[in-house]
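Participant: How does the following fold in three dimensions:
(one chain, ligands or ions: 1)
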Amino acid sequence: MNTKIIIAIDGHSSTGKSTVAKQLAEVLGYTYVDTGAMYRAVAWYAMQNGIIVANELAVDQLKKALSRINIRFKQNPKTAIVETYVNDQNVESFIRSIEVSKWVSKVAAISEVRKKLVEQQQQMGVHKGIVMDGRDIGSVVFPNAELKLFMTASAQVRAQRRYDEMKSKGEKVTFEEVLNNVIERDHIDSTRKDSPLIKAADAIVIDNSDLSRTAQFNKILELVNQAM
Ligand code: DC
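Facilitator: Okay, the predicted model is just below:
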C-alpha cells in the first residue's frame, strides 16, 4: 500500500484548481479541502453581520469577530458534494457570488484572518491523505507537501470560465465585470504583505490555457504517481 501524501495545489483564480483537486481526491480516496471557500465564508459572514457595509470593510471589527466564526465542511448525503458551513449554516450557495468575490481578497489580506484559517488547514492535514487548493498551500500551509502544483492560465481564459459558470447558475453578471474581478484579485492576492500568491520554488507549473481537462488530469496523475 502507498503511504499517504499531501498534495498542495496553488495558483491564480479560476484556473480549475478545485476541479482537479476534487477529481484527485476521489481517485485517491483522499480528503479535499477548498481553502478559498474558507476565505469566502469569512467575507460572507462580514457582509451578513454589518462588518462590510456599503463600500467599507471594518477591519478591526472583523478581527474581533473572528472567534465567533466557525467554519466547517460537511458532505451532503444526497449529492455527495462537500459543502461549506458557517456556524452551522450551509453557505455553499452564497459564497461564490460576485459580491463575495469582490470582497474576499481584501478579507484574505488580513493577517489575523490568515492565521486562524491556516491553523485550521494545518490541523486538517495532520494525517496526510489530503488534497488542498488555495494560494499559499505549498508556500505556507504545507511547505513540506510531497507534491506541489502551481496552476495558471491567461486572465481572458480564466474570466471566460468563471463567466460561463456564473451564467449557468443564473447569476446576472457581465463578462467585463468578471474579467475585472479576476485581474483585481490577481493583483491583490499577489501583492499583499502576508503570504502573497507565489509559486513555491519546488512547485510544478501547469499552464492550462490550451490544455484539455483530460490531458491535464493525466499529466497530474503521472506526477502524483511519481511523488508517491
Ligand atoms: O480560490 P478562490 O477564488 O475561491 O479564492 C477566493 C479568494 O481567497 C482569493 O481571491 C484569494 C483568497 N485565498 C487566499 O488568500 N488563500 C488561500 N489559500 C485561498 C484563497
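Participant: Show me where the chain dips below the pLDDT cut-off.
Facilitator: Confidence mapping of the chain against pLDDT under 70 gives the ranges 1-2.
Participant: just the helices in it please.
Facilitator: Per DSSP state H, the chain has helices spanning 17-28, 35-48, 59-65, 98-108, 111-124, 155-168, 175-191, 213-227. These are given in chain order.
Participant: got the contact list for the residue most central in space within the chain?
Facilitator: To find the centre residue of the chain, average its C-alpha atoms and take the closest one (Cα atoms, centre = their mean): that gives residue 36, at 2.7 Å. Residues in contact with residue 36 (Cβ atoms under 8 Å, 6 or more residues apart in numbering) are 13, 18, 104, 133-135. Where C-beta positions appear, they are placed from N, C-alpha and C, glycine not excepted.
Participant: same thing with residue 211?
Facilitator: residue 219.
Participant: Name the residues of the chain found near the ligand, please.
Facilitator: Contact residues of the chain with respect to the ligand, defined by Cβ under 6 Å from any ligand atom, are listed as 13, 35-36, 39-40, 104-105, 108, 134-137, 185, 189.
Participant: one more time with 5 Å
Facilitator: Residues of the chain found near the ligand, taking Cβ under 5 Å from any ligand atom as the criterion, are 13, 35-36, 39, 104-105, 108, 134-136, 185, 189.
Participant: How many residues are close by the closest residue in space to residue 136 that isn't next to it in sequence?
Facilitator: Sequence neighbours aside, residue 195 is the residue nearest to residue 136 in space, at 4.1 Å (criterion: Cβ to Cβ, 6 or more residues apart in numbering). Using other Cβ atoms under 10 Å, residue 195 has 19 neighbouring residues.
Participant: Also residue 7?
Facilitator: For residue 7, the number of neighbouring residues by other Cβ under 10 Å comes to 31.
Participant: and it, what are its bridge partners?
Facilitator: On the basis of DSSP bridges, residue 7 is bridged to residue 131, residue 147.
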